[in-house]
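Participant: return atomic coordinates for the entry below.
(chains A and B)
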Amino acid sequence: AQSVAQPEDQVNVAEGNPLTVKCTYSVSGNPYLFWYVQYPNRGLQFLLKYITGDNLVKGSYGFEAEFNKSQTSFHLKKPSALVSDSALYFCAVLRDSGYALNFGKGTSLLVTP
Amino acid sequence: DGGITQSPKYLFRKEGQNVTLSCEQNLNHDAMYWYRQDPGQGLRLIYYSQIVNDFQKGDIAEGYSVSREKKESFPLTVTSAQKNPTAFYLCASSVTSIGEQFFGPGTRLTVL
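Facilitator: Residues are numbered from 1 along each chain as shown, chains lettered A, B, ... in the order given. Take a look at the predicted model:
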């Protein structure tokens, strides 16, 4: 079954520093991978996706993610963190059936001034 | 504005009551989904629908029911059979199953 894991419950970074939120995947076949962000008491917002093609995917709000097949990873990155980036981040993978997503448990990002 | 709306934002239920959560989208999306979110557990799939008049159970469908009579609407009923319904419920839609999902603002259900 397709699954993703987010090994860190929380990531802390100082404003202006680069940030990385980690995601590893386990799939049979080619993975369709997604990143979403959730602000408190809100729905999820789509950031970016990897379907095929370039391993570096650029998304919304200056975020990007690097697909690494040999390490089965899809880490979310941003060169310079903002306090407003503080939120809950979810990695997700398309299911074997081709319908619906399996989500990781989420990583809470805290950016301090 | 195009998007997904969920109502109500907060809902309180007494033991033994059924309640229905509304989800409407004007994005003309075929696929719609219901997820349940609990702290530290991520999102779990309750039901999904690929097209009008068709829907499938997700991972935690017991105690829930849905209908998809119209393309834009996918209401979720939480029945009295759901033993632990207190959670944050999120509805989503997508153009196709492999496309990105767009989420509504959520409904927080509390059992009194």
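
Participant: for chain A, what lies in contact range of chain B?
Facilitator: Residues of chain A lying close to chain B (CB under 8 Å from any CB of the partner chain) are A:9, A:32, A:34, A:36, A:41-46, A:49, A:51, A:90, A:94, A:98-106. In this view, the C-beta of every residue, glycine as well, is placed from N, C-alpha and C.

Participant: okay, now whichever residue of chain A sits closest to chain B: neighbour count?
Facilitator: Proximity of chain A to chain B (CB to the nearest CB) peaks at residue A:43, 3.5 Å away. Residue A:43 is flanked by 22 other residues according to other CB atoms under 10 Å in any protein chain shown.

Participant: let me see the contact set for it.
Facilitator: B:4, B:6, B:90, B:92, B:103-106 (CB atoms under 8 Å, 6 or more residues apart in numbering or on different chains).

Participant: let's go with 10 Å and repeat that
Facilitator: By CB atoms under 10 Å, 6 or more residues apart in numbering or on different chains, the contact set of residue A:43 is A:36, B:3-4, B:6, B:35, B:37, B:88, B:90-92, B:101-106.

Participant: now residue B:79
Facilitator: Applying CB under 10 Å, 6+ apart, the residues near residue B:79 are B:16-20, B:62-65, B:85.

Participant: again, only using 6 Å
Facilitator: B:18, B:63 (CB atoms under 6 Å, 6 or more residues apart in numbering or on different chains).

Participant: do residue B:35 as well
Facilitator: Contacts of residue B:35 (CB under 6 Å, 6+ apart): B:43, B:45, B:90.

Participant: bridged to it, which residues?
Facilitator: residue B:45, residue B:90 (DSSP bridges).

Participant: can you pull out the strands in chain A?
Facilitator: A:3-5, A:10-14, A:19-21, A:24-26, A:33-38, A:44-50, A:56-58, A:64-68, A:73-78, A:87-94, A:101-103, A:107-112 (DSSP state E).

Participant: out of those strands, which comes closest to residue B:55?
Facilitator: Closest approach to residue B:55 among the strands of chain A is made by strand A:101-103 (16.3 Å; CB to CB).
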